[in-house]
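Enquirer: structure here, sequence nowhere to be found:
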DNA sequence: AGTGTCTATACCATATAATGAGAATGTATT
DNA sequence: AATACATTCTCATTATATGGTATAGACACT
């Protein structure tokens, strides 16, 4: 709607974890804006400390973003966090493995809360970590239960992506996998996000049956054999139900 | 320069840790913009997921900010982090207390790196934590050595602020305190940010003598007596010099 | 010095895109 | 039903953003 503002936001979003430093020329091509316009946008963003010069004709996100990032971190788990954490802690105690809570944000899955296993060999997973919606049990369970629109969008935009295991992503197999998840009502993944890890995930709904989050238990492949899966699924289902019951 | 963009950024910055949920009416008064304009800005920001409706006629920062926050966290300590961390670890080993690295961001001090003490009773201090530039040794040492312009701005905007101890902030005493810091070349604070804590801080410069960060060691009052201060200051000075030498 | 390449800022005529007041609609609350 | 807000729509006006080009500066290479 507001062209100038949107273009400014485009610039901000051009900075990613993979590409935190960008030149004006790059920004011009990646946004399709004329170079003079890019500089003008950068000027205002720089004046307000949303971006800053990083030397070498590069720009990066600036101080103002730091402060807003802190606001966002604080509200990250929102209403779900206080309810979920104790339940997740209990899950980790019972299973001895890392517990992760994820949410859909835009077209990505984001870890909004995690409780790491106390064991020396464990899967480490931190708040804020972002992954594609098709990779990993906790992400894929979100994809399986989200509205068809979002799911279709995601499936349509998979080209030449790989899992951490080295396997290529096959959209057709993925589509079928989502169906299986819905039938079993849990997701199982191996070496998709982190090589050598296995995760089991279930969805978390609110009382209206609306999808809120994905809850998963994950650990090294060697410790999570097929024989353990049924028990894990049962624990996850109980935990998910507890969360649903406690949400306002 | 670009009015529309600036107004959009104004809206984003209206969300703070103290006030993460804001109504359109509030935003209108706090930014001085007509209500119809605020709604128009919110519309575009919402479309791009920079803000989202939080129910109850409130808005909060949205998904897109989460993703950018992650980018920012990653680059937070920037070039300083890799150099500083091992030195900070060594400091914590020597002193047994929490070590904190801070930087000026806008008109605030932000913890960009920390190494917590291994002791059970310790000062916990996390990356991203924001405090006013006048509170705490690590912040105040930044204020003392930053350019006079910034310092004057900060001093001019102190009205009715309090330390964690309950003491009111006296701008005149503060001004004098900064002078003392510059003479001693270290800062000492008690119960300013966290009640019951004491911190000693020194500045970190690059080779050009430009202020980069503040480095501090902090712990419970009971463990940091006046007799320990000289030794701590010496350790901090050595650590600061090491950092300066290793910066590119 | 001289040339070429790149970043960054300044300029300017044009019309597009933003503006803000107010009306109209929607949604709770009483 | 009536009130109080929250939110979206409409529209005429003009301020504001636009993008092509020109200019100035930095840096490397001959």
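Expert: Now that the structure is in, tell me what you want to look at. Since we're looking at a predicted model, the values are computed, not measured.
Enquirer: C-alpha only now, for contacts and for neighbours.
Expert: Fine.
Enquirer: count of residues packed around the residue in chain A that DNA strand D sits nearest to?
Expert: When scored by Cα to the nearest atom of the strand, chain A has residue A:4 as its residue closest to DNA strand D, at 4.1 Å. By other Cα atoms under 10 Å in any protein chain shown, the residues close to residue A:4 number 17.
Enquirer: which element is it on?
Expert: When elements are assigned from DSSP states H and E, residue A:4 belongs to helix A:3-13.
Enquirer: the next helix or strand after that helix - what's its average pLDDT?
Expert: Next along the chain after helix A:3-13, taking DSSP H and E as the criterion, comes helix A:24-31. Averaging pLDDT along helix A:24-31 gives 94.
Enquirer: what angle separates the helix or strand just after helix A:24-31 from helix A:24-31?
Expert: Later in the chain than helix A:24-31, the nearest helix or strand by DSSP H and E is helix A:35-47. Between helix A:35-47 and helix A:24-31, the angle comes out at 110 degrees (axes from the mean of the first three to the mean of the last three Cα atoms, to 10 degrees).
Enquirer: ok, now which ones touch residue A:126?
Expert: Applying Cα atoms under 8 Å, 6 or more residues apart in numbering or on different chains, one finds that residue A:126 lies in contact with A:111, A:113, A:114.
Enquirer: contact residues of chain A facing chain B?
Expert: Within reach of chain B by Cα under 8 Å from any Cα of the partner chain, chain A has these residues: A:1-2, A:4-6, A:8-9, A:12-13, A:15-17, A:20, A:40-41, A:43-45, A:48-49, A:61, A:63-76, A:105-106, A:128-130.
Enquirer: report how many residues lie close to the nearest residue to residue A:59 once chain neighbours are set aside.
Expert: Nearest residue to residue A:59, sequence neighbours excluded (Cα to Cα, 6 or more residues apart in numbering or on different chains): residue A:53, at 4.5 Å. Residues near residue A:53, counting by other Cα under 10 Å, number 17.
Enquirer: residues from chain A in reach of DNA strand D?
Expert: Within reach of DNA strand D by Cα under 7 Å from any atom of the strand, chain A has these residues: A:3, A:4, A:7, A:33, A:34, A:36, A:37, A:41.
Enquirer: as a markdown table, these with distance to residue B:100 would be great.
Expert: Output for the residues of chain A next to DNA strand D, formatted as a markdown table (distance: Cα to Cα, whole Å):
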| residue | distance to residue B:100 |
| --- | --- |
| A:3 | 42 |
| A:4 | 40 |
| A:7 | 38 |
| A:33 | 42 |
| A:34 | 43 |
| A:36 | 42 |
| A:37 | 41 |
| A:41 | 35 |
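Enquirer: which positions in the lengthiest helix in chain A come out as buried?
Expert: In terms of residue count, the longest helix belonging to chain A (DSSP state H) is helix A:229-246. By neighbour count with 16 or more other Cα atoms under 10 Å in any protein chain shown, helix A:229-246 contains the buried residues A:232, A:233, A:236, A:237, A:239, A:240, A:243, A:244.
Enquirer: so what's the nearest residue to the third one once chain neighbours are set aside bridging to?
Expert: Right, residue A:236. Closest residue to residue A:236 apart from its sequence neighbours, by Cα to Cα, 6+ apart: residue A:202 at 6.5 Å. Beta-bridge partners recorded for residue A:202 (DSSP bridges): residue A:215.
Enquirer: residue A:202 touches residue A:218, doesn't it?
Expert: No. Residue A:202 is beyond contact range of residue A:218, at 12.0 Å (criterion: Cα atoms under 8 Å).
Enquirer: so who does the residue lying farthest from the centre of chain A touch?
Expert: In terms of distance from the mean C-alpha position of chain A, residue A:36 ranks first, at 35.0 Å (Cα atoms, centre = their mean). Applying Cα under 8 Å, 6+ apart to residue A:36 gives no contacts.
Enquirer: also residue A:137?
Expert: A:187, A:188, A:189, A:199, A:200, A:201, A:216.
Enquirer: show the contacting residues for residue A:69.
Expert: B:65, B:66, B:68, B:69, B:70, B:72, B:73.
Enquirer: how about the residues you listed in CSV, adding pLDDT and secondary structure?
Expert: Converted to CSV, the contacts of residue A:69 look like this (pLDDT from 0 to 100; DSSP: H, G, I helix; E, B strand; the rest coil):
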residue, pLDDT, secondary structure
B:65, 91, helix
B:66, 85, helix
B:68, 91, helix
B:69, 88, helix
B:70, 85, helix
B:72, 87, helix
B:73, 82, helix
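Enquirer: dump those to a markdown table, plus distance to residue B:81.
Expert: Listed next are the contacts of residue A:69 as a markdown table, based on distance: Cα to Cα, whole Å:
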| residue | distance to residue B:81 |
| --- | --- |
| B:65 | 23 |
| B:66 | 22 |
| B:68 | 19 |
| B:69 | 18 |
| B:70 | 16 |
| B:72 | 13 |
| B:73 | 12 |
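Enquirer: may I see the buried residues of the strand or helix carrying residue A:67?
Expert: If you go by DSSP H and E, residue A:67 is part of helix A:63-75. Within helix A:63-75, the residues scored as buried using 16+ other Cα under 10 Å are A:63, A:64, A:65, A:66, A:67, A:68, A:69, A:70, A:71, A:72, A:73, A:75.
Enquirer: now that helix, how far from the chain's geometric center?
Expert: 18 Å (Cα atoms, centre = their mean, to the nearest Å).
Enquirer: that helix versus helix A:3-13: what angle between them?
Expert: Using the same axes, to 10 degrees: helix A:63-75 against helix A:3-13 is 80 degrees.
Enquirer: give me the helices and strands touching the helix or strand that helix A:63-75 is followed by, please.
Expert: Next along the chain after helix A:63-75, taking DSSP H and E as the criterion, comes helix A:80-95. Applying 3 or more Cα pairs under 8 Å, 6 or more residues apart in numbering or on different chains; DSSP states H and E, one finds that helix A:80-95 contacts strand A:98-105, strand A:108-115, helix A:229-246.
Enquirer: what about the residue nearest to residue A:20 when sequence neighbours are not counted, neighbour count?
Expert: Closest residue to residue A:20 apart from its sequence neighbours, by Cα to Cα, 6+ apart: residue A:60 at 6.0 Å. For residue A:60, the neighbour count with other Cα under 10 Å is 24.
Enquirer: so residue A:60, which state does it fall into?
Expert: strand (DSSP: H, G, I helix; E, B strand; the rest coil).
Enquirer: I'd say it and residue A:14 touch.
Expert: No. Using Cα under 8 Å, residue A:60 is not in contact with residue A:14; the gap is 9.9 Å.
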